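Engineer: here is the input, now give the coordinates:
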Amino acid sequence: MEVERVQSIASMSKNLDKIPGEFIRSEKEQPGNTTLHGVVLEVPVIDLNDPDEKNIVHLMSEASKEWGIFQVVNHGIPQDVITKLQQVGKEFFELPQEEKEEIAKTPGSKSLEGYGSTLQKEAEGKKGWVDHLFHIIWPPPAINYKFWPKNPPSYRDANEEYCKRLRGVADRMFKYLSLGLGLEENEFKEAVGGEDLVYMMKINYYPSCPRPDLVLGVTAHTDASSLTILVPNEIQGLQVFKDEHWYDVKYIHNALIVHIGDQIEIISNGKYKSVLHRTTVNKEKTRMSWPVFLEPPPEKEIGPNPKLVDEKNAAKYKTKKFKDYIYCKLNKLPQ
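Structural biologist: Numbering: from 1, shown residues only. Predicted coordinates:
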């Protein structure tokens, strides 16, 4: 069965002031009604080049407790590496539709990998104004190149170079988050899988939309990952829910945006907060983003670190395998 992609719908809707009903959100979700307009949220910005490592640890820990999101600058990934990653992703989505469909998700597969549009069935049959591509970029035994675009030809090199650099940044963040709670520096990384930690690349493609006030790219959610590290293009779209309002997030040029995911919240026994966020779209321009989800291996059991549980701080979460957590989350079952 042929699936109609949002990119195709958008190209047909360019000169219209209406969009298909399955994309129109209820009034309580419509960004036109629910965004606190005129206020751009400046989430914490952390300089990874700060010679005072204790200051980095303090700032990252506080941001993770209070916000669940922060941006890092001077992270060490050269700008040309990020630019190449973005360029090859953009080139893939500009290919003819039939070529993109060659790496579409396998119908009925439990894997997220491949090109597609809908992640999970939403209430009221609503859809997000987004197409996407998922594929694992690390570790090598988990990679399935079947889902990596062959065009443009430099796609693989650009993703592998970015992944190599990103892994070093991620290791530093796990270290700082561990130290921020008084743990040994390797405890968070080991808790989420150590060297078997899975890096899942996702490219989000949000076409321009004639009624951005009525739709969402991705609906409100927290990430099931341990951490999510992303770069966007220059188009505003990320929103965070804080103090009972939805706010646009100000993006700092050349920064990496970091989300605390559900697994870090669980391991920290709730001290670090998984951030509730969503994405909006633009009337004139296409927005894209490149999140990488750092996920435990499917069989890895995740639960609160015993050092963070005592008589005054009971365990707030059940220990379970990551694959079971994902199943419950996707099917909206109690955890």
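Engineer: past whichever strand or helix holds residue 289, which element shows up next along the chain?
Structural biologist: For residue 289, the element it lies in under DSSP states H and E is strand 287-295. Note on strand 287-295: by DSSP H and E, the next helix or strand toward the C-terminus is strand 301-302.
Engineer: does anything pack onto the very next helix or strand once past that following strand? Which helices or strands?
Structural biologist: Later in the chain than strand 301-302, the nearest helix or strand by DSSP H and E is strand 320-321. With contacts taken as 3 or more C-beta pairs under 8 Å, 6 or more residues apart in numbering; DSSP states H and E, strand 320-321 sits against strand 301-302. All C-beta spots, glycine's among them, are computed from the backbone N, C-alpha and C.
Engineer: what mean pLDDT would you report for the strand holding residue 289?
Structural biologist: What strand 287-295 shows for mean pLDDT is 98.
Engineer: counting contacts, what elements does that strand pack onto?
Structural biologist: Counting contacts by 3+ C-beta pairs under 8 Å, 6+ apart, strand 287-295 is packed against helix 79-93, helix 155-179, strand 198-206, strand 227-232.
Engineer: go with 10 Å
Structural biologist: Using 3 or more C-beta pairs under 10 Å, 6 or more residues apart in numbering; DSSP states H and E, the elements in contact with strand 287-295 are helix 79-93, strand 131-138, helix 155-179, strand 198-206, strand 227-232, strand 256-260, helix 262-267.
Engineer: next, the angle helix 155-179 makes with it.
Structural biologist: Counting by axes from the mean of the first three to the mean of the last three C-alpha atoms, to 10 degrees, strand 287-295 lies at 60 degrees to helix 155-179.
Engineer: pull up the pairing partners for strand 287-295, direction included.
Structural biologist: Looking at strand 287-295 with DSSP bridges, its partner strands are strand 198-206 (antiparallel), strand 227-232 (antiparallel).
Engineer: how distant is the first one from the center of its chain?
Structural biologist: In terms of C-alpha atoms, centre = their mean, to the nearest Å, the gap separating the centre of strand 198-206 from the centre of its chain is 7 Å.
Engineer: now stretch 127-146
Structural biologist: Centroid separation for stretch 127-146 versus its chain: 12 Å, with C-alpha atoms, centre = their mean.
Engineer: quick check: buried residues in it?
Structural biologist: 127-138, 143 (16 or more other C-beta atoms under 10 Å).
Engineer: now swap in stretch 80-91 and tell me
Structural biologist: So for stretch 80-91, counting by 16+ other C-beta under 10 Å, buried means 82, 84-86, 88-89, 91.
Engineer: include distance to residue 220 and pLDDT when you put these into JSON lines, please.
Structural biologist: Supplementary listing: the buried residues of stretch 80-91 in JSON lines, determined by distance: C-beta to C-beta, whole Å; pLDDT from 0 to 100:
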{"residue": "82", "distance to residue 220": "27", "pLDDT": "97"}
{"residue": "84", "distance to residue 220": "32", "pLDDT": "98"}
{"residue": "85", "distance to residue 220": "27", "pLDDT": "98"}
{"residue": "86", "distance to residue 220": "26", "pLDDT": "98"}
{"residue": "88", "distance to residue 220": "30", "pLDDT": "98"}
{"residue": "89", "distance to residue 220": "25", "pLDDT": "98"}
{"residue": "91", "distance to residue 220": "31", "pLDDT": "98"}
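Engineer: can you tell me the centre-most residue of the chain?
Structural biologist: What sits nearest the mean C-alpha location of the chain, by C-alpha atoms, centre = their mean, is residue 291, with 4.3 Å.
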